[in-house]
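Enquirer: Sequence first, then the predicted structure:
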Amino acid sequence: GVENGLFHFLTLLLIVWASDSFAYLFGRVIGGPKLAPEISPKKTWAGFVGSSLGAGAIAAVMTCPWLTFGDEQRALAGGWAYFSLGVF
């Protein structure tokens, strides 16, 4: 239904937002070696890890039963499955 489409769209937006925000936060707070200094001089490995963890966390949170509109199939996969999908 329409609510599932809206749910998936909002989930995608939240995952992208979390990925970007966590990359910035980890990169600024932790810093460390550069990921690809010739291509993008401010990107760090810490930012890369933060981006992956942030995306995974939001993907897992979006499987909470109170967010799935009673869709048992989506909730059935569980938070860890969605976390790993978000990270990778």
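Expert: Received it, and whenever you're ready, just let me know what you need. Residues are numbered from 1 along each chain as shown.

Enquirer: max-length helix in this protein?
Expert: Counting residues, the longest helix in the chain under DSSP state H turns out to be helix 2-29.

Enquirer: so what strands line up beside the helix or strand just after that one?
Expert: Downstream of helix 2-29, the next assigned helix or strand under DSSP states H and E is strand 34-36. Strand 34-36 pairs in its sheet with strand 40-44 (antiparallel), by DSSP bridges.

Enquirer: Now residue 33, what are its backbone angles?
Expert: For residue 33, the backbone dihedrals (degrees, to the nearest 10) come out as phi -60, psi 150.

Enquirer: what residues are up against the nearest residue to it once chain neighbours are set aside?
Expert: Closest residue to residue 33 apart from its sequence neighbours, by CB to CB, 6 or more residues apart in numbering: residue 45 at 5.5 Å. All C-beta spots, glycine's among them, are computed from the backbone N, C-alpha and C. Taking CB atoms under 8 Å, 6 or more residues apart in numbering, we find residue 45 in contact with 32, 33, 34, 35.

Enquirer: do that again at 7 Å, thanks
Expert: 32, 33, 35 (CB atoms under 7 Å, 6 or more residues apart in numbering).

Enquirer: Show me what the longest helix of the chain packs onto, helices and strands only.
Expert: Using 3 or more CB pairs under 7 Å, 6 or more residues apart in numbering; DSSP states H and E as the contact test, the elements touching helix 2-29 are helix 45-61.

Enquirer: residue contacts, the most centrally placed residue in the chain?
Expert: With distances taken as CA atoms, centre = their mean, residue 55 lies nearest the centre of the chain, 1.0 Å away. Going by CB under 7 Å, 6+ apart, residue 55 touches 15, 18, 19, 86, 87.

Enquirer: May I see the PyMOL selection of the buried members of the residues you listed?
Expert: In PyMOL, this line selects whichever of the contacts of residue 55 come out buried by 16 or more other CB atoms under 10 Å:
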select buried, resi 15+18+19+86+87
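
Enquirer: Can you report how many residues neighbour residue 51?
Expert: A total of 22 residues lie near residue 51 under the criterion other CB atoms under 10 Å.
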